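Chemist: What follows is a predicted protein model with its sequence.
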Amino acid sequence: MLYARSPSGATARVAAALIVAATGLIEPARANATTHDCAPDPLGFIGGHARDIRIVGDVAYIGNGFGGLELVDISAPRSPRFLGSIDTPGHADNLTIADGIAFVATGADGLFIIDVRDPESPALLGSIAVPGNVQAVAISGDHAFIATTEGLAVIDVADPASPRLISMLAIASTARDVAVVGELAYVVADSAGLLVVDISDPATPAVVGSHPGRGGARRVTVADSVAYVSTHHPADNGVDLVDVSDATTPELLGSITLAARPYEVVVRDGLAYVANDLQGGLVVLDVTDARRPVLVGSVLTPDYAYGVALRDDLAFVADHLAGLQVIDIGAPAAPVIVASLPAPVGASDVVVHDGRAVVADRYASQLLIYDLDARGRPALVGGVAMTTGLSQALTIVADHAFVVGSDLGVVDLTNPAAPVIVATDGLSGSGIAARNDVLYIASGNGLRLIDISDPSMPVPIGLVDATGSSRDVAVVDTLALVTDTEAGLLVYDIHNARQPVLIGTVDVPGTVGRLAVHGSIVAVAAGAAGLQIVDVADPTHPVVVGAVPTQTPCEDASITGPIALVATFDRLLVVDVSDPTRPIIVGEAAVTESLVAVTAMNGLALLAATDLGLVIVDLASCLIGRDCTGDVTADGVVDGADLRALLAAWGACPDCDADLDRDGDVDAADLAVLLGAWGDCP
């Protein structure tokens, strides 16, 4: 199995072991600093703020704020599964789906049009900037009607690759939402309330009726000639029901005040389902008598409920930091959350444990565990809300995850489907590693030592002062390596794990941060100074022997054998370090901004991004020439992990990594191949 930090806590961030062997790369000419012999392929990401949701068939489409558009398989609705995603500039806060195309409102960046006919591979078709910030979008035929801060924009989308603005209806206040029924568009605006717009000629939209409402109109839904208008007012949040049977004279029928701010409303069979912000969750209203709407049921959701969609007896709620919440509404008076699919909002670290990706989420304060299939599609295994504030880094020792940031938290992973917090402590830090029963935390005050012989009762046992601020720590064999903002790299002898002895230092250019170690080679992320490579073969005299300049600040590295994966602020680099004095970039991929950590798993690079979540990159093109039959998990060795993976895939399995003889079945023949290749890869 692969670990971003070893089971003993050594923070040798293990790179893609699939490319460990030197034969796994085309040998570059060392005269060149960059050869780009391989092309890492970003597959997608998990993360963002769930803001809106639509359902078509077995797929839920989620507007994920700065996380773009996310697609989720709900064919088994109580076990939702990520399918695909695509980033969008700005915030994907509202969307609609028509004929296999997603139309996504992204604020100041305009309208983005995305082909979602293959939900595992959404692709951008076109985009258009319009006057003002785009708030919401509705589709009718070949036209998109867009609520913006300047009014109502009408876009010709007959050719989705070349959308055209054909008209703009100015509105005195910010238009927040729009719904289209027939030849009428219903627009809600902050202070203007509900406007009814004739769109029979999309080139000349005209207001034909209005209703002022109570102010602060936010969302609108129209059903059976009634407009349901969500309103935000400091003293009077609620939903207004407006009769629009006569478009020229909308008339208030009834209203209801709610405890929290309502957002999206969906109406079905005399009931209105309202996404009702933080204190409201999902609210169910009886609207059979539109003049007297009645609250009949509600359920609190973990975070801010912004969007809702219905399917059968289930409501799917876009719940901001808590991701997708699935709620049983079979008994409307007593809705119950039956499933959830949280996503990292701002990942700060990712490690691999027991063949799964474990993600520390900085902003949503949660630890999430994912399975990833051979195509990089993640499936949530389990998660736990942390109570320890902002997380920065994690390491795993046996079946316990140690997460440090503003505090230290300890999570028991024995049952990955239901991880449990077993301890918390006020100890803060930015890097973490372990050896035997001692935990090492890099902190602003130096290197902290914690006794974890009983993981449920961590006990501070010492502090090693630092020249500056300790940023990260890695442990390999009997050495602890610490990056220090003033001293560079510090090397400690930890033969006695409880009494580290400083035996070597080396000044490292740049602003040092995270580090990775493999054998006697240490890769130090040094910000604007790129990746610095230090040789610690003589730990008493560490030496900077090489460097990789980077276009944007270097944030982290994962290294094994001749290959390092390097995360800069906005891209992934694949670096040949077989000669550490002359490292060569052999591949790179622009990914996203705010990358802070990188590790690898089964042919994939996993990157943590604080403004996005978990980013997944396919490294297959970096495997040229590699042949290690039997290495199902692609970790450079054929062992028990490969055997478990093969047995788990037993049976019909076309295009499966465990199908070693490529006959479409994982069976005894494949088992024989695996056992015959047992041991290290050549």
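Modeler: Received the coordinates, thanks.

Chemist: Surely A537 is in contact with G504?
Modeler: No: under the criterion of C-beta atoms under 8 Å, A537 makes no contact with G504, lying 11.0 Å away. The C-beta positions use only the backbone N, C-alpha and C, and glycine is treated the same way.

Chemist: Of the two, give the one with the bigger neighbour count.
Modeler: Each of A537 and G504 has its neighbours counted (other C-beta atoms under 10 Å); G504 has more, 18 against 11.

Chemist: so who does the more buried one touch?
Modeler: G504 sits next to 490-491, 536, 538-542 when contact means C-beta atoms under 8 Å, 6 or more residues apart in numbering.

Chemist: so which of those residues comes closest to G530?
Modeler: Nearest to G530 among the contacts of G504: P542, at 18.1 Å, using C-beta to C-beta.

Chemist: Number of residues surrounding that closest one?
Modeler: Neighbour count of P542, defined by other C-beta under 10 Å: 24.

Chemist: try A206
Modeler: For A206, using other C-beta under 10 Å, the count is 11.

Chemist: what's it in contact with, if anything?
Modeler: Counting by C-beta under 8 Å, 6+ apart, A206 touches 169, 197-198.

Chemist: Kindly state the pLDDT recorded for it?
Modeler: Looking at A206, its pLDDT stands at 97.

Chemist: That one and L169, how far apart?
Modeler: In this view, A206 and L169 are 8 Å apart by C-beta to C-beta, to the nearest Å.

Chemist: so what sits against both of these two?
Modeler: In contact with both A206 and L169: V197, using C-beta under 8 Å, 6+ apart.

Chemist: Stretch 514-534: which residues count as buried?
Modeler: Buried residues in stretch 514-534, defined by neighbour count with 16 or more other C-beta atoms under 10 Å: 514-518, 521-527, 529-534.

Chemist: Just to check, T552 is in contact with D570?
Modeler: Yes: using C-beta under 8 Å, T552 is in contact with D570, at 5.2 Å.

Chemist: Among those two, which residue is more densely surrounded?
Modeler: Shown here are T552 and D570; by other C-beta under 10 Å, D570 has more neighbours (17 against 14).

Chemist: for L647, helix, strand, or coil?
Modeler: State at L647, reduced to three classes by DSSP: H, G, I helix; E, B strand; the rest coil: helix.

Chemist: let me redo that: A672
Modeler: With three-state DSSP as the criterion, A672 reads helix.

Chemist: quick one: contacts for the nearest residue to T106 once chain neighbours are set aside?
Modeler: Closest residue in space to T106, ignoring its immediate chain neighbours: G90 at 3.7 Å, by C-beta to C-beta, 6 or more residues apart in numbering. By C-beta under 8 Å, 6+ apart, the contact set of G90 is 66, 106-110.

Chemist: Apply 7 Å and report the result again.
Modeler: Contacts for G90 (C-beta atoms under 7 Å, 6 or more residues apart in numbering) come out as 106-109.

Chemist: For whichever strand or helix holds V522, give the mean pLDDT please.
Modeler: V522 is part of strand 521-525, with elements assigned from DSSP states H and E. Per-region confidence: strand 521-525 scores 95 on mean pLDDT.

Chemist: Can you give the strand pairings for that strand, parallel or anti for each?
Modeler: Looking at strand 521-525 with DSSP bridges, its partner strands are strand 515-518 (antiparallel), strand 531-535 (antiparallel).

Chemist: The contacts of G504 in strands, which ones?
Modeler: Here DSSP state E is the test, and those give 490-491 as lying in strands.

Chemist: Would you write a PyMOL line that selects the buried entries of the contacts of G504?
Modeler: Paste this into PyMOL to select the buried members of these, with burial taken from 16+ other C-beta under 10 Å:
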select buried, resi 490+491+536+539+542
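
Chemist: Next, give me the two most distant ones among the contacts of G504.
Modeler: So, the contacts of G504 by C-beta to C-beta: farthest apart are L490 and D538, at 14.9 Å.

Chemist: Distance check, the residue nearest to L413 when sequence neighbours are not counted against E264.
Modeler: The shortest distance from L413 to any non-neighbouring residue, by C-beta to C-beta, 6+ apart, is to D399 (4.9 Å). Taking C-beta to C-beta as the measure, D399 falls 41 Å from E264.

Chemist: the more surrounded of these two?
Modeler: E264 (26 against 16).

Chemist: list the contacts for the more buried one?
Modeler: E264 is in contact with 219, 275, 306-308, counting by C-beta under 7 Å, 6+ apart.

Chemist: And those residues, which of them are buried?
Modeler: For the contacts of E264, a neighbour count by 16+ other C-beta under 10 Å gives the buried set as 219, 275, 306-308.

Chemist: the strands in the stretch 1-150 of the chain, which residues?
Modeler: When secondary structure is read from DSSP state E, counting those that start in this stretch, the stretch 1-150 of the chain shows strands at 41-46, 52-56, 59-63, 69-73, 81-86, 94-98, 101-105, 111-115, 123-128, 134-140, 143-148.
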